Every structure is written in structure tokens, then in C-alpha cells.
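A.B. asks: Curious how this folds, go ahead:
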Amino acid sequence: SGFQPFLVTIITSLKQILLCIFPNSPCGLHSAMEKPTVALVYQAVQALYHDPDPAGKERASVWLGELQRSMYAWEMADQLLQLKQDVESCYFAAQTMKMKIQTSFFELPPETHIALRDSLLSHIQSLKDLSPIIVTQLALAIADLALQMASWKGCVHTLIEKYSNDVSSMTFLIEILTVLPEEVHSRSLRIGANRRTEIIEDLAYYSSTVVTLLMTCVEKSGSNEKMLIKVFRCLGSWFNLGVLDSNFMANNQLLMVLFQVLQRDETSTNLHEAASDCVCSALYAIENVDTHMPLALQLFQGVLTLETAYHMAVAREDLDKVLNYCRIFTELCETFLETTVKSPGQGMGDLRTLELLLICAGHPQYEVVEISFNFWYRLGENLYKTNDPALHGIFRPYIQRLLHGLARHCQLDPDHEGIPEDTDDFGEFRMRVSDLVKDVIFLVGSMECFSQLYSTLKEGNPPWEVTEAVLFIMAAIAKSVDPENNPTLTEVLEQVVLLPETVHIAVRYTSIELVGEMSEVVDRNPRFLDPVLNYLMKGLREKTLASVAAKAIHNICSVCRDHMAQHFQGLLDIARALDSFALTTEAAVGLLKGTALVLARLPLEKIAECLSDLCAVQVMALKKLLSQDPSNGKAADPTVWLDRLAVIFRHTNPIVENGQTHPCQKVIQEIWPVLSQTLNTHQADNRIVERCCRCLRFAVRCVGKGSASLLQPLVTQMVSVYQVYPHSCFLYLGSILVDEYGMEEGCRQGLLDMLQALCMPTFQLLEQPNGLRNHPDTVDDLFRLATRFVQRSPVTLLSSGIIVHIIQCAIAATTLDHRDANCSVMKFVRDLIHTGVSNDHEDDFELRKQLIGQAMGQHGQQLVTQLMHTCCFCLPPYTLPDVAEVLWEIMVFDRPTFCRWLENALKGLPKETSGGAVTVTHKQLTDFHKQVTSAEECKQVCWAIREFTRLFR
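C.D. replies: Numbers count the residues shown, from 1 in each chain. The predicted model follows:
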């Protein structure tokens, strides 16, 4: 192959370059990898697929992974493809080629690109009959090369000209033409917006040639099913890219072929799926209907002809085809949604589209109706925004029929035993129904629907599964019904709590859920509180109903806090005997939450004693665990009790006037020694330490400044354990302490000492190889702590020696692609710079401004350069608003200097891709600089960055 001599030269010269950079390393970056022989690579591939020993497979996998990352991968893959020894080695080589072109194309000098292209085309031609998966990998490699290789002009034209007259080449030609449009927006390729626009224009120019080729294929191959599938997949791919000419497609024979295939009863499952995918892609491509009128009309009429075929598929019980038709009908409705809402019943707003979906909703399998959920949700959203009663009236009957169908689909099997399952597929379907019903109920009217449902139970005597499904839908809408003076609601509540224990357990389960959802009604009608609580207590004592009853009690406590105060003793008794009920962890914690919410409404003088009683069970359990000898050297797990204490502290929020002692203060001081001992005992276990810190966090938040006596022993213990076991939750707990005490003059130095003591082990951890990437939680919590310091006591932090190291760490961490960690870093930098301009009426303003000026003088250029590099090459688009806010704050602080820093940063960005395409023009750089530096609000900076970074993606 003409590609290999180039490779040998490249590898030799690259080794010399790397030796200059890494003099002590035999071949630079991949020092462990000497050039292997092709026989050795083949042997490793064989071991990967056929070694009976898993350890041998693993060794082969690691070694081959290292080979793929090295420069030798190009030559080895090329040789393996030439040797054509077997499917496994060719697949590995083809996949390696694809991966190298996607991720390491920059390794090849431009003069090798043509040789690589010719080599790949030669390989795909010689291997076309070996295996379809190899053809796909090589097609992807060729497509990715074409997208990056700016010198390969009109690649579609070249390929069609070269291979279209050879029938045997048609399979791989169509495969390349299928993956090429798919790869244009691939996340693996950073070709940039300029190159992408150039490619899309090029593909649009040749699109009709491709469609004509596909039609010729269909004519030549007759009823060859495999070829038809390939043709439809390829056509779908070009529709998805949005480059096909609507007028050309509207009159194209290929569209007729598509619908003929879908109308035929004898079409095979695979071909039917390919045709359905293609029609869905076409419908998605014309979402902006007005600009694609001729094609929109053809597709609209074509899909309406499929109703008969749908009924035939139902009659034949062919679920795969039924699902395909439902996908097509749903896509039709989604595409013409705006037209349907603007002009219902006219032209392409024809309401037969909704009829098709309701026909699907009548199918006995719930998976069919589920496909249409997103459309019904969008329709509801659209109608809610238009808020036109006349329009709502047109769609109301359709929504009523949908709700009727959904209630039927939610029915359990008549022979179902036990409670409804939440976690299986059907349970998840019911939850999605519940969400959809809440979203569209306004069109029918919550009260009207609720009353209708109730009357079906009241007037008829339906079987248990119908009753349960009706109660389930009633529970979904109960909260949206106005509880004021509503006789139907009170009647429902009255009847439900009188349900005998002899009814099916699933009916009792769902009725308890309904009672929990009707807590507003109980709050407005306190006379129902006793019967409701009695009803729920019966459920609590039964194993299968305990958790749902606990959840309902929690709801009642949350909404009826004041009325529940008289029942506090009863709640306390339940809390003491919590483990005698068959509760899930979540349900037990929920019950304690409800109890704590009610506790906070008791008279202040009673709270301390009641809180002590409520915590006693958990504290006793922790003491008992601490007194036990560890089994197998491991102490018993205290997380259940820690979580329960945490939820009690979190939700006990009594109203305390200024000057009054917080009623919870004494209790928390008494509990501290047990928490401290638990923390010490389990200091090596991250999960348990995290739960201890969470518990302490809520204890501190509960009493605020009232936890002052804990501050010194707590900080001492945190710092001491952190030196040995750097659990990030200590940093988070530190941020809570700074938030509560950072403004107290007497605490500032102690808190700064804490920060410095925690920073040292943190920096050591993050300076390890890949330290930032391996410890995102530590990054997140470190910068939460630093941000709290900036907010509560900026001068203390800015005057300290540690600030330089924290800023350097922040600059390095801006590249971290982790949502929470990156958000914390950006917030810290933004808030830090903002202290130089905020609250300019305060005494320390000049000092703050001076300290921020010094920090920016030292780090400003580095920060701006890093941020520009980061948002162009490292971070996903959702992080850009955070980057924009940082740049905005720097500009607000010192606009002239920022202009200079930004100009320098932009000069350092690459102007061309490794494939020779222009990444960014001089005009685009100057335009961006002007947009940012003349921005008058932060969102303008954000828009400018969004557009600019597309040039590098």
C-alpha cells in the first residue's frame, strides 16, 4: 500500500521530536510501547477473542488499547487489513483506523492524507464480502477522513463516479453514503462550524445525485430486500441532515416506493422497520412545514393511507409493525402540531391525525399508546399557552377519549395478586400515565373528570381491577382539584376510609395513595383527620401496605401541621416503634420527616423534650453499635440511624424570636459526643463519614449560631481525620461552618486556619496524575468552601497566603468536564472578582478592590487565556453561561485590561485544523472580540461565546 512508506517516515521523525521533549524516554509519550511486529499484533487479537483464560484476554485488551493510542497503530492496522487473515483481525484493524482518524488525525502530516484515503478505499473494496461490520467500520473511517480532509473536494461526486457503475461495489458505496451525513454532527470529530457549513453545502449540492443513485439501485435490484433496507437507511440519513430538496423529493419515485412497502401486508419485519425509520426521518426533517410545502403534502397524504395497513397488522397480531405505524402516526402529529393548533380541521391541520393516535391508544398493548405520550404532552403545553377556550373546546373530546383509554391501560390483570409494582415496566408505564394526566387535565377540567371517575365507582359495581385503575387516575388529579367547599371531595374521602379490609389488597394500596394526595382536603376539613389517621394506621400495621401508608401519613403531616400537633404523641409512638413496621428505608425516613415538621409547630417549651424523645431511639442504637465488638474487624453500619437523625434535624425548624435560646440547642449538644465517637470509629469509611457529616450539617443548620460550643471540637476533629482520610464531605461541612460563623469577628481566624489545614492534603490529592478528573467531588466541595469564604469574609481570605494557591487550582480546574465541580469552580472565580466591585458603600471596599486588583494583575491573563481555551476545547455547551459570567465580571472590574487579555488569548487559538480546513478567520476573531468587549450585559457575552465556540466543535 502506498500509505506505509509515509508512515515509516512519520514515525521516525516523530520519535526524534519526542526524544527532544522527553530525553529520558525511549519513545516519548508511549515509552512502554516498542514497535511491534504485525505477527505479534495478530497474536494479541487472537488472544482477545479466543484465549480461554480471562486474565489472558484482559492482558491482550490492555496491550491492544496501548497500541491503538500509539503512532504504530496506523501502520499495524494498514498491514492487518492487507493480510486479510480473518474477520477478528480485520475488524480490530478497521476499528483502529476509524478511531485513529477520529481522535488522532493530527498525528499525520498533510502530505500523507491522499495516500491514506486511497489505502482505505482499496481496503473497503477488497474486504467488502468478508463481513458487514468491517465494511461499516471502514465506511466510518472514510467518512471521518472526508470530513476532516479539506483537500478532498466533492467527495460524494468522486465516490459515485468511481463506484456507481460496478454492481459489486454498490453495498459499500451506499454504506459510505449512509454514514457520511450521520458523521457531520458527530461528537467525536471537532471539525468546527466553518468546515461543517462547507461540508453541508457540498452535500446539499450533490444530494439529488445521491437520491437518483438510490432510485437506480431500487430499479436494478428489484425486490432484493437487503438492498432496499440499505437504500432506506441511506435516504433516512440524508433526510436527517436536512439537505434534501423538498420539491425534488416530493415528486420522486423513491417516496412512492417507501409507502408501497409500508402498505404491503407481506413486507418483512426488518424492511418494514427500515421504511418506518425513513418516513419518521422525513417527517422530522420537514418540521418547519411552511418551507417544505410540496413534500409536507406528499408525506401527510402518504401517512393517512396507512390506516388500513395498521388494522391489518393488528388483525395479524404483528406487534412490531403496529409499533412502527404508531411511531409514524406520532411523528406525523408532532410535525403538524402547530398547523393543527392554528387551523384545526383545515388542510394539514386535519384532525384525522389525532384519530390515528386514538386508534393506537385503543390497542390492547400499553407499549403502543406509550409511543404517543410526548405528542400529547406537547399538545397540552401548546394549548395551555394559547389559553383560548374555543380552541380548548375543539380538542377536549380527544383528550377525554385519551384519558378513558389510559384508565383502561392502567388496569392490572384480573388474576394479579398483591399490590401494584412500581419498579417493573408496567409500574413505570403507570407513573408516566400519571404525569401525562396531570399535564393535560386542564383541558377537561380536574373537577369534572374527578366527579366522572367517582360516579363510575358509585353507580356501577365494577370489578376490582377497574376500581383500582379509576382510583389511580383520581390520585393523579386529586391535587389539582380545588379543595374549597367541595362536597364531592369530602364524599370521596368519607367513602375511601370506609373501604372494608376484604377488598383486593391493590385497591386498598391505591386508595391509601389517594388519601395521601387529598391531604389539602383533610386540612380544610379537620373533622376527617381522626378517621383518616385510623384508616392509615390500619395500613401501617400490614406488611404490604406499611410503606404506602407511611408516605400518606408524611403527606398529611406536611400539609396539616397545625391540626397534627394534637396527635404528636401518636406520631412519637410510631417513631419509637419504627422498626416494628415493614417499612422501606425511604418510607421510614419520610415518617420521621413528617413527625419533625409537626414537632416544629409545638409550643417552644415542649420542643426540647419532644426532640430529645424523638432522637433517643436513634442515639441509643448508635451507642449500642459503638459498644459492640467489631465482627471481622469491622464495626456495624450506623447509616440507618445517622440518616434518621439527619432528617429530624433538617425538618425541625421552630420559629425562634431574637434573644430566645434555640430549643434544639441543648439536645444537639447532648448528641454531639455520640456523633463524634461514631465519626472516629468509622473514619476510614467514606460512605459512613459522609452520613456523619450530613447529620452534623443539618444539626448546625438547625440551631445556627446556637452550635457555637461545637465549633472548636468539630473543626479539630475534621482537620485531624482529613489529614489521614481526605473525604470531600469534610470540605462541604467546612463550607457550612463558614456560612454560619464567617461573619463573626471572633471566628474568622479559626475558620481560616481550618481552610489552610484542609487545603494542604487537598492540593496533594489534586496534584496527582489526573487528580482533578479522578476527584471531582473534592474539587466541587473545595470551591464551595472557598466561595463561602469569599461571601462571608472576603478580606480574611484575600489577605492570606493560601489565596494564590486556591486561584491557581481554580484556573487548572476550569478545564474539568464535570457539571457540579465545574459549576463550583466558576462560581468561586466569579464571586471572587465580584467582591472587587460589590457593596462599594462598605468600609472594607477600597481594601477589597485593591486586593482583587493585585490578584488579577498576577493571574488575569492566565485566567482569560485558560477560559478561552477551555470553552473552545474542553467544556460542553451547557457550561458556557458560567464561563460568560466569569468573563463579564473580569470586564466589569477592569474593561481596558480585559480587552488586552482577551486579544492575547485569541491570538493563541489555532486558526486551521490538522486536515487543512480554516477553523476561524481573522474577521471572526475580531468580530468576537468586539462583541464581547462592547457587551452591555452578561447574556450578550454568553451568546457571543456560544457562537464562537461552535467554530472549534
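
A.B. asks: residue ranges with poor pLDDT in the stretch 601-750 of the chain?
C.D. replies: Applying pLDDT under 70 to the stretch 601-750 of the chain flags the ranges 631-635.

A.B. asks: could you redo the last one with a cut-off of 50?
C.D. replies: Within the stretch 601-750 of the chain, no range satisfies pLDDT under 50.

A.B. asks: give me every residue that touches the residue nearest the centre of the chain.
C.D. replies: Nearest to the mean C-alpha position of the chain, by C-alpha atoms, centre = their mean, lies residue 819 at 10.2 Å. The neighbours of residue 819, taking C-beta atoms under 8 Å, 6 or more residues apart in numbering as the test, are 878, 879. Backbone N, C-alpha and C define where each C-beta goes, glycine included.

A.B. asks: Next one: it from residue 855, what distance?
C.D. replies: Distance of residue 819 to residue 855, computed by C-beta to C-beta, to the nearest Å: 27 Å.

A.B. asks: what about the nearest residue to residue 470 once chain neighbours are set aside, neighbour count?
C.D. replies: Distances taken as C-beta to C-beta, 6 or more residues apart in numbering place residue 453 nearest to residue 470, at 5.1 Å, with adjacent residues excluded. When neighbours are counted by other C-beta atoms under 10 Å, residue 453 registers 20.

A.B. asks: wait, doesn't residue 453 sit right on residue 472?
C.D. replies: No: using C-beta atoms under 8 Å, residue 453 is not in contact with residue 472, being 9.9 Å away.

A.B. asks: Identify the contacts common to the two.
C.D. replies: Counting by C-beta under 8 Å, 6+ apart, the common neighbours of residue 453 and residue 472 are residue 407.

A.B. asks: surely residue 784 meets residue 732?
C.D. replies: Yes: the pair residue 784 / residue 732 is scored as a contact, 6.2 Å apart, by C-beta under 8 Å.

A.B. asks: which phi and psi does the residue nearest to residue 470 have?
C.D. replies: Phi and psi for residue 453, reported as degrees, to the nearest 10, are phi -60, psi -40.

A.B. asks: how about it, what does it touch?
C.D. replies: 407, 470, 473, 474 are the contacts of residue 453 under C-beta under 8 Å, 6+ apart.

A.B. asks: Give me the pLDDT for it.
C.D. replies: If you check residue 453, the pLDDT there is 92.

A.B. asks: now do residue 14
C.D. replies: Residue 14 is assigned 46 on the pLDDT scale.

A.B. asks: Next: residue 483.
C.D. replies: So, for residue 483, pLDDT stands at 88.

A.B. asks: Can you tell me the SS state at it?
C.D. replies: Assigned with DSSP: H, G, I helix; E, B strand; the rest coil, residue 483 falls in the coil class.

A.B. asks: Surely it touches residue 520?
C.D. replies: Yes: shown here, residue 483 and residue 520 form a contact pair, counting by C-beta under 8 Å, at 4.4 Å.

A.B. asks: so which helix or strand takes in residue 850?
C.D. replies: Residue 850 belongs to helix 845-873 when elements are defined using DSSP states H and E.

A.B. asks: other SSEs contacting that helix?
C.D. replies: Other elements packing on helix 845-873 under the criterion 3 or more C-beta pairs under 8 Å, 6 or more residues apart in numbering; DSSP states H and E are helix 794-798, helix 802-813, helix 819-834, helix 880-893, helix 895-907, helix 938-949.

A.B. asks: Could I get the contacting residues of residue 892?
C.D. replies: residue 837 are the contacts of residue 892 under C-beta under 8 Å, 6+ apart.

A.B. asks: thinking residue 929 is in contact with residue 905, fair?
C.D. replies: No: counting by C-beta under 8 Å, residue 929 stays clear of residue 905, with 9.6 Å between them.

A.B. asks: So between these two, which is more surrounded?
C.D. replies: Under the criterion of other C-beta under 10 Å, the comparison of residue 929 against residue 905 puts residue 905 first, with 20 against 17.

A.B. asks: all helices of the stretch 601-750 of the chain, in order?
C.D. replies: 604-627, 639-651, 665-681, 686-703, 708-724, 729-741, 748-766 (DSSP state H, counting those that start in this stretch).

A.B. asks: Give me the buried positions along the second one.
C.D. replies: If I follow you right, that is helix 639-651. Buried positions in helix 639-651, judged by neighbour count with 16 or more other C-beta atoms under 10 Å: 639-651.

A.B. asks: so which of those comes closest to residue 525?
C.D. replies: The nearest member of the buried residues of helix 639-651 to residue 525, counting by C-beta to C-beta, is residue 651 at 25.1 Å.

A.B. asks: so what's that closest one up against?
C.D. replies: 593, 596, 597, 600.

A.B. asks: Is it possible to get TSV of these that adds pLDDT and neighbour count?
C.D. replies: Output for those, formatted as TSV (pLDDT from 0 to 100; neighbours: other C-beta atoms under 10 Å):
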residue	pLDDT	neighbour count
593	97	19
596	96	23
597	96	20
600	93	18
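
A.B. asks: Sitting in strands, which of those do you find?
C.D. replies: Among these, no member falls in strands (DSSP state E).

A.B. asks: So which of the buried residues of helix 639-651 is the closest to residue 921?
C.D. replies: residue 650 (55.4 Å).

A.B. asks: okay but the closest one is in contact with residue 698, surely?
C.D. replies: Yes: under the criterion of C-beta under 8 Å, residue 650 makes contact with residue 698 at 4.2 Å.

A.B. asks: average pLDDT across stretch 261-272?
C.D. replies: 96.

A.B. asks: Same check on stretch 152-171?
C.D. replies: For stretch 152-171, mean pLDDT is 93.
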